[in-house]
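Asks: Just need the structure, nothing else, for what follows:
(chains A, B, C and D)
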Protein chains: 4
Amino acid sequence: MPTEAQTAAPYRVADLSLAEAGRHQIRLAENEMPGLMALREEFGASQPLAGARIAGSLHMTVQTAVLIETLVALGAQVRWASCNIFSTQDEAAAAVAVGPTGTPDARAGVPVFAWKGETLEEYWWCTSRIFDWTAEAAAVGADWAGPNLILDDGGDATMLVHTGADAEAAGAAPVAGADASAEWKIVLDTVAASLETSADRWTRIAADIEGVTEETTTGVHRLYELSRNGQLRFPAINVNDSVTKSKFDNKYGIRHSLPDGLNRATDVLMGGKVAFVVGYGDVGKGAAEALRGQGARVIVSEVDPICALQAAMDGYQVARLADVVDTVDMVITCTGNLGVVGVDEMLGLKHLAIVANVGHFDNEIDMAGLESLPGVEKVEIKPQVHEWRLPTGRSILVLSEGRLMNLGNATGHPSFVMSNSFTNQVLAQIELHTRRDEYPTGVYVLPKHLDEKVARLHLGALGVELTELRPEQAAYIGVPVEGPFKPEHYRY
Amino acid sequence: MPTEAQTAAPYRVADLSLAEAGRHQIRLAENEMPGLMALREEFGASQPLAGARIAGSLHMTVQTAVLIETLVALGAQVRWASCNIFSTQDEAAAAVAVGPTGTPDARAGVPVFAWKGETLEEYWWCTSRIFDWTAEAAAVGADWAGPNLILDDGGDATMLVHTGADAEAAGAAPVAGADASAEWKIVLDTVAASLETSADRWTRIAADIEGVTEETTTGVHRLYELSRNGQLRFPAINVNDSVTKSKFDNKYGIRHSLPDGLNRATDVLMGGKVAFVVGYGDVGKGAAEALRGQGARVIVSEVDPICALQAAMDGYQVARLADVVDTVDMVITCTGNLGVVGVDEMLGLKHLAIVANVGHFDNEIDMAGLESLPGVEKVEIKPQVHEWRLPTGRSILVLSEGRLMNLGNATGHPSFVMSNSFTNQVLAQIELHTRRDEYPTGVYVLPKHLDEKVARLHLGALGVELTELRPEQAAYIGVPVEGPFKPEHYRY
Amino acid sequence: MPTEAQTAAPYRVADLSLAEAGRHQIRLAENEMPGLMALREEFGASQPLAGARIAGSLHMTVQTAVLIETLVALGAQVRWASCNIFSTQDEAAAAVAVGPTGTPDARAGVPVFAWKGETLEEYWWCTSRIFDWTAEAAAVGADWAGPNLILDDGGDATMLVHTGADAEAAGAAPVAGADASAEWKIVLDTVAASLETSADRWTRIAADIEGVTEETTTGVHRLYELSRNGQLRFPAINVNDSVTKSKFDNKYGIRHSLPDGLNRATDVLMGGKVAFVVGYGDVGKGAAEALRGQGARVIVSEVDPICALQAAMDGYQVARLADVVDTVDMVITCTGNLGVVGVDEMLGLKHLAIVANVGHFDNEIDMAGLESLPGVEKVEIKPQVHEWRLPTGRSILVLSEGRLMNLGNATGHPSFVMSNSFTNQVLAQIELHTRRDEYPTGVYVLPKHLDEKVARLHLGALGVELTELRPEQAAYIGVPVEGPFKPEHYRY
Amino acid sequence: MPTEAQTAAPYRVADLSLAEAGRHQIRLAENEMPGLMALREEFGASQPLAGARIAGSLHMTVQTAVLIETLVALGAQVRWASCNIFSTQDEAAAAVAVGPTGTPDARAGVPVFAWKGETLEEYWWCTSRIFDWTAEAAAVGADWAGPNLILDDGGDATMLVHTGADAEAAGAAPVAGADASAEWKIVLDTVAASLETSADRWTRIAADIEGVTEETTTGVHRLYELSRNGQLRFPAINVNDSVTKSKFDNKYGIRHSLPDGLNRATDVLMGGKVAFVVGYGDVGKGAAEALRGQGARVIVSEVDPICALQAAMDGYQVARLADVVDTVDMVITCTGNLGVVGVDEMLGLKHLAIVANVGHFDNEIDMAGLESLPGVEKVEIKPQVHEWRLPTGRSILVLSEGRLMNLGNATGHPSFVMSNSFTNQVLAQIELHTRRDEYPTGVYVLPKHLDEKVARLHLGALGVELTELRPEQAAYIGVPVEGPFKPEHYRY
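Replies: Okay, here's the model as predicted:
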């Protein structure tokens, strides 16, 4: 666990000397993130995020570095942690901590708490750090400050605030049940420790928060649940369901980063192999397209008959994993659900079949079941690539310990895709900070004109020439010449 | 114009002797329409459409024949017209008029008024006939009856009722403006003629209508406008925006029927050619996929930046037609808007370039402008295929007079795709007829559980094996084990 | 059988009144056949085929019409028959018989003997007619003439000459064996009848022939066999194995015409269906690509391990038909071999599965076995589409009686593809006629520079801009700047 | 330059401690190289390579490790160097040097001389080492030995022997011309140094060589040239033109390793980008397919009209680089020619466009011209990735210094693909060693039955079920039941 000195330090990263390498990559990434760079140009002068204190919890990658520095360029103060123990790119974290010194737009570094390969304890310590604005408060002579905005991915930061504040209301942290996960116990310990030093820390933080902008399906799901149950403590913008996020990041991002992760992890040929894709949502659609594009034969499983029919119409076999498991060379989970690959199925796969997750949490694959299998042996081939020798005499290769392999084995989604998602994030942060009256506590998606704006900011870089509606055409279909062009229910 | 005897006749089709050929095709189509056949099995005994008098206005194809006979099998009385002057398959119309005589499920024919190649006057006469239930009334000793349900495609039947009833309320048919289309004048003439014989015919009809189920974008657009303006006279179900319609019929249907129409019309190789697709909605997506699947190089134009970005991410060049027109071998319009290919662009195309519309109305291509171009000459190559010799010395080939070429030059969408759309139609008709209290006047989409049901009924025929959620998985993502599985805003 | 008057007539086609419609299509096809049109321009003045008397046996389609008229434009006299009883397009045959009257390049018609739906007797009568140059001889005051060149597709014309001449050498036609096909008996009858009127007709014809240019795999196979056995009577150019034929016609032609034939025959959706492709040569590669491009799931069978591995690497399942037959919605044969779909397999297919051949002869599918199956019933759905009701209670749909469905159910390969093949044919005819000393009896492929020329003549129409080698680049890879660019063994 | 001690050492690699990591990867690779493993099983007992002393010059990767250990398992002695200064995987080299100690098939290490990032002097020193069999000679009491087989990739080892022996015949090394490359001077220095210690070393080596098996286009090209000029000193088998090499390694290998290299080097999204592929041979075909599979828009350039037409028919724009250069995001060279991307074109590319070579030598891109451009600045982003800041103010990213980026930025072709190529290599080595009488000096391709055998050995791993010809089918097409199935000229 971190020492006291580490807790007092303004940031914590793996190796500051990686900053220059990180800065090179950030510079290249800026060229691939035209949406964020356009926002810097549009809003650099007006500083709409002045006064914003953003607690960010999102994979600390090169692309996130460009996001962070865009938030700062728009006037925000920022503290940052990763939302995944394996996903930090240490050179990006170092560069952000140091700041773009010596460059035309030199500015100070940002307090970042992230490194590749955190323990779970370290992870939650890092997440706690983004809520500790003591130094920033001191700098302006205040005795306390918390963040007033959260930028979240998966909902861990939001959950910590809610769990903390709920515990403070109850006067005690809840007790972990017998079957609680190791991670949940750490969260409760974190809250319990907080309670010992302050009875209202999280309550005060929650009260100050103008809102959260949430990046991904899982986090959004939690937010709607909190809202439905009347437990949500501040407004939330569901960035995940912007079209320019869910239909781009989820689909085109995975199309890029899944084969990248497979290659870096294993160098195994995809062509000619049987690849089984669990789930045919946007992530599964991108995964299947990527694998087919490499000559794999893709089999899909689905629970939703509409998505199953789409998969069939797109030319994929749709089957249950158990029924075809002995022909499968690689299984890719894309669901956001739990236990979609079970131990029995892992036992049935071909020798040295690859098992990888691009859905969300590590419980998509029954890693707990695998670990407790009598006689199983785990051999590290290289970091994030493990051969599990099974009692059957066969082995399987599990990537990134069952966590997101596109982050653990590769570098996540490419900059251009993330520019779409992150331009949504920045616009959502601006909405919450500058129009807070229009967002009473609840969960919102961004208005369509902003969604279309995100797309528009990315066209030039791809050489796209947009056609303009003539006024009589706009009138004929009943939309403004400049958009928005589609009804809310349009599916793209 | 039809004679009096024709008006009195129980149906009007091109050639009754085609009935046997049509019946063969209907029988094959039934094998490809598992959704409709499953509804016959599920509801054949309970007859949920008993008492329904359905006025149908939808392309009179083989697939529609299976729809019509499904409605009848569920207890409905039906009268039918096509919604397009070129789209009728005469053998299907004949078979429906005759009925499945001599077969195990023999039943009487249905009054159908449709043939391939109607004039506009004939078209509106046919449409009027589906509202004339005199014979059916007489059969049960009543002196008058109108339909109590409309099944519409493009909204012509619904528009006629509204125009008629509005005229009756005003005491006179509106006068056509100077720039009114020839067709609109015919509609107004039709209404005016009706007013001369009855002051309240359309008012009574409108009052009896339990609702309309509308098939397509254009018709849905009209319905929302009527509803917004407070002019809608009965509830409407927007079938078009069922996922199993818009994402299947529009996309996969066009993927099939666009190349089919091009082939039957011109036999021109698509491979290696430059195909320009106007619009990248669902129809454009299907068109682009089909053309690329045949080796064409596809260029897309779009007005909506989100769809434009999708096209780019799918690997297509996105440009304005005018900028690349001299490299284009074929232009396919997929918009539902007007004038998306103008005369200047037609003048700029390569010699013998193909111009074809799979969007909706014939005004997508500026046919009026083309016709009035000085020195232009129109040569019929074969029916629905015309060479237009331009003053430039070049020619272009216009298919189906600028109307829907997948219907005019081919046989429309294939049965399996239409089975999805039409299963939605039947379920929507059942909803309106059996739960009318739940649908006050307004525009609705089908509930998601019915949308998923439509998909489910089509899986078996494709050999799809659906995976079932385990209860803990359903709980984890917060849905019932049997669905519905997705929030309303999910985009598929 | 034809009457005496028919035999005396200068041509025999189905319906001369179709000539104008055929001429329209020929005119459009000319725009799609830039190779042939370029040859007319290059060689129109020098008339390299002056003195050539060409007996042509090749599907009498619109594209063949452009070929025929190109041969004529280069100075040849031509007589023509189809090489398949179902493949003639009657409007094309009529237009060729009439000639391009009233057009800028008006010239007389060509003696063509072909119509859609010949009996086998009629077929061989037509084939005999192309060797009867009595009229042409009379026109120049000679008492006898035969052709001096054959343009063949499948080798029937060549085989007839060899069988006839061999019989004349033996003094008698061979006697058909007990298991001879009906067609072989007709050939022998034809030869026997000829022997009754002349003892040396075929011998004289064979002696006059400068050579044959052969279009397709099957015919080429026969030629190599004749050559190996020392029985070949004149030189032959194997056009099939020009790269611009085998890798274009076979692959891209089938990619186009297979789905076209399926659509016109059945209107059945390909998307989501299981399509089984027998054979993964060039034809199978084109078939698989077309079906996948329409969203079908393709399974391939192969006997050659190299082609099988290619199929796997291209992402297709490779299986034996018998092993997966009960999941198959359509079987497409692409082999050139016999009995690749047997009766047992037809009995095992799904209800109303489609069985279609794009390989070569009708024996690819065991039609004889199907016909003799006890209890089988054949129902004509429409011409060239038959439902075979099987004793299992299921049915299958067999297209074009098991013959080439892309010709029988559609219009064959599109003009642009055929322009490549036919430009090879014309160049090969010129080679044989103008350089006969360089081609002693044997089988040849066209020299690579001509193969490359064929490609070059088709680039402009597709907007292709070729890069030119700089001299130092040409030297570096050891080729002339203007080509040929590849060694003979290069596989493309 | 290496010290004397290094020259005396039995091997030279970067870091022996990487051996365990390398062994893990070798073990996984063995599972992906079924062809090589099958040869170990088939020939392990009979030891056909007993007595073979193989000098190997081929990228020292994990896959090559499995090749080397297969050669050893079949009885050969082996010495190895890489054929590229950047392509060595240091952990593989270490593992091979150490040998599979402690494993069931433990055996001694192999003398390997290779590390990632050799200088040119080091490279040629390493290549010299594989011809120095002093230690092996000493072990059997001989005073001298050279290799008796060469396994070459690109022809450097073969060229060194020929240059050396020619110099010995001439009595002096040739003098480098004024415009000789730096590398050529090093080769001549190497030869000159050898001449100082021995007047006949290379002559003796050349005399002992039973033959060379050559892996790639460039090397094969050199061999045919030597043979044409009567300068070839021993037989050669052209492994490159086995179908299972050229149509698999070149196409499917690049399809895999090109995007892999792009990702590892730059993490740049390919989707939506304009990717320019120079050359549409097998390598270009694989590159284009991979890029399209990732959603890039691919433009191709070609000098050969046949390949250009193929590219067009496959749906790609075909243009000259100079004409579209300002729209291009990445250029991939696939030609084997020189100067296909010139300085003018690099100056015209978009800012931060990627320039990468998967053809062969670094002269495909005019790196010399780029380096000598006044005002140009080279910034290392990370190893093998350089930003070149151009006088225009724009930058480009050049990968692997213009050398093969799939080796320099990634790990080369995947094991399964290399298993095909390397199974050909082993079979070719066996042919030369065991049937040397059948291969007089000249250049050969492997007989087709061995080519088909290579394919056959790889089917099982992909679940391919081969169909077997029935005897009557084999007779019908005139091939043996067990193959070979195709004529030599067949193009696949």
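Asks: What is the one helix or strand A:Phe416 maps to packed up against?
Replies: Using DSSP states H and E, A:Phe416 falls within helix A:415-434. Judged by 3 or more C-beta pairs under 8 Å, 6 or more residues apart in numbering or on different chains; DSSP states H and E, helix A:415-434 is in contact with helix A:34-43, helix A:62-73, strand A:149-152, strand A:211-214, strand A:236-238, helix A:243-245, helix A:448-456. Just so you know, the C-beta spots here come from the backbone N, C-alpha and C atoms, and that holds for glycine as well.
Asks: Let me see the mean pLDDT of it.
Replies: In this model, helix A:415-434 carries a mean pLDDT of 97.
Asks: Just the CA coordinates for that helix, please, in CSV.
Replies: Output of helix A:415-434 as CSV, limited to C-alpha atoms (Å, rounded to 0.1, in the frame of the first residue of the first chain):
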residue,chain,number,x,y,z
SER,A,415,-7.1,8.1,-30.9
PHE,A,416,-9.5,9.0,-33.7
VAL,A,417,-12.3,6.8,-32.2
MET,A,418,-11.6,8.2,-28.7
SER,A,419,-11.7,11.7,-30.1
ASN,A,420,-15.4,11.1,-30.9
SER,A,421,-16.1,9.7,-27.4
PHE,A,422,-14.1,12.4,-25.6
THR,A,423,-15.5,15.3,-27.6
ASN,A,424,-18.9,14.1,-26.3
GLN,A,425,-17.4,14.0,-22.8
VAL,A,426,-16.1,17.5,-23.0
LEU,A,427,-19.4,18.8,-24.4
ALA,A,428,-21.2,17.0,-21.6
GLN,A,429,-19.0,18.5,-18.9
ILE,A,430,-19.6,22.0,-20.4
GLU,A,431,-23.4,21.3,-20.4
LEU,A,432,-23.4,20.3,-16.8
HIS,A,433,-21.1,23.2,-15.7
THR,A,434,-22.7,26.0,-17.7
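Asks: if you look at the helix or strand containing A:Glu30, does any of it touch chain D?
Replies: Using DSSP H and E, the secondary-structure element containing A:Glu30 is helix A:19-31. Yes - contact of helix A:19-31 with chain D (C-beta under 8 Å from any C-beta of the partner chain) involves A:Ala21, A:His24, A:Gln25, A:Leu28, A:Ala29, A:Asn31.
Asks: quick one, what contacts the third one?
Replies: Applying C-beta atoms under 8 Å, 6 or more residues apart in numbering or on different chains, we find A:Gln25 in contact with A:Val62, A:Gln89, A:Glu91, A:Ala92, A:Ala95, D:Asp267, D:Ile381.
Asks: what about 7 Å?
Replies: A:Val62, A:Glu91, A:Ala92 (C-beta atoms under 7 Å, 6 or more residues apart in numbering or on different chains).
Asks: Quick one: name the residues of the stretch 351-492 of chain A near chain D.
Replies: A:His351, A:Leu352, A:Ile381, A:Lys382, A:Thr411, A:Pro414, A:Ser415, A:Phe416, A:Val417, A:Leu462, A:Gly463 (C-beta under 7 Å from any C-beta of the partner chain).
Asks: Neighbour-wise, give me the winner out of those residues.
Replies: Using other C-beta atoms under 10 Å in any protein chain shown as the neighbour criterion, A:Val417 leads those with 31 neighbours.
Asks: Distance check, that residue against A:His458.
Replies: 10 Å (C-beta to C-beta, to the nearest Å).
Asks: With A:Leu390 instead?
Replies: 45 Å.
Asks: Show the contacting residues for the residue in the stretch 301-450 of chain A positioned nearest to chain C.
Replies: As assessed by C-beta to the nearest C-beta, chain C sits closest to A:Ala312 within the stretch 301-450 of chain A, at 4.2 Å. Contact analysis of A:Ala312 by C-beta under 7 Å, 6+ apart lists A:Val318, B:Leu462, B:Val464, C:Gly272.
Asks: Please give the element, helix or strand, for it.
Replies: Per DSSP H and E: helix A:305-313 holds A:Ala312.
Asks: Kindly format the C-alpha coordinates of stretch A:308-326 as CSV.
Replies: What follows is stretch A:308-326 as a C-alpha-only set of coordinates in CSV (Å, rounded to 0.1, in the frame of the first residue of the first chain):
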residue,chain,number,x,y,z
ALA,A,308,-29.3,-12.8,-33.3
LEU,A,309,-31.2,-12.2,-36.5
GLN,A,310,-28.9,-9.4,-37.4
ALA,A,311,-25.9,-11.7,-37.0
ALA,A,312,-27.5,-14.3,-39.2
MET,A,313,-28.3,-11.7,-41.9
ASP,A,314,-24.8,-10.4,-41.7
GLY,A,315,-23.7,-14.0,-42.7
TYR,A,316,-22.5,-15.4,-39.3
GLN,A,317,-23.4,-18.7,-37.9
VAL,A,318,-25.4,-18.2,-34.6
ALA,A,319,-24.9,-21.0,-32.1
ARG,A,320,-24.5,-21.7,-28.4
LEU,A,321,-20.9,-21.8,-27.3
ALA,A,322,-21.4,-25.2,-25.7
ASP,A,323,-22.6,-26.7,-28.9
VAL,A,324,-19.6,-25.9,-31.0
VAL,A,325,-16.9,-25.4,-28.3
ASP,A,326,-14.7,-28.2,-29.6
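Asks: In chain A, what residue comes closest to chain D?
Replies: Closest point on chain A to chain D, by C-beta to the nearest C-beta, is A:Gly293, at 2.2 Å.
Asks: How many neighbouring residues does the closest residue to that residue other than its chain neighbours have?
Replies: Of all residues not flanking A:Gly293 in the chain, D:Gly293 sits nearest, at 2.2 Å (C-beta to C-beta, 6 or more residues apart in numbering or on different chains). D:Gly293 sits with 21 neighbouring residues when counted by other C-beta under 10 Å.
Asks: D:Gly293 and D:Arg255: what is the separation?
Replies: 8 Å.
Asks: Identify the contacts common to these two.
Replies: In contact with both D:Gly293 and D:Arg255: A:Gln294, using C-beta under 7 Å, 6+ apart.
Asks: which residues does A:Phe485 contact?
Replies: A:Val479, B:Val303, B:Asp304.
Asks: That should have said A:Val464, apologies.
Replies: B:Ala308, B:Ala312, B:Val318.
Asks: doesn't B:Gln310 make contact with the last one?
Replies: What that stands for is B:Val318. No - with contacts counted by C-beta atoms under 7 Å, B:Val318 stays clear of B:Gln310, the gap being 9.5 Å.
Asks: can you list the residues of the stretch 101-250 of chain A near chain D?
Replies: So the stretch 101-250 of chain A never meets chain D (C-beta under 7 Å from any C-beta).
Asks: For the stretch 101-250 of chain A, which segments count as helices?
Replies: Assigned by DSSP state H, counting those that start in this stretch, the stretch 101-250 of chain A shows helices spanning A:120-129, A:134-139, A:156-170, A:182-197, A:201-208, A:217-228, A:243-245.
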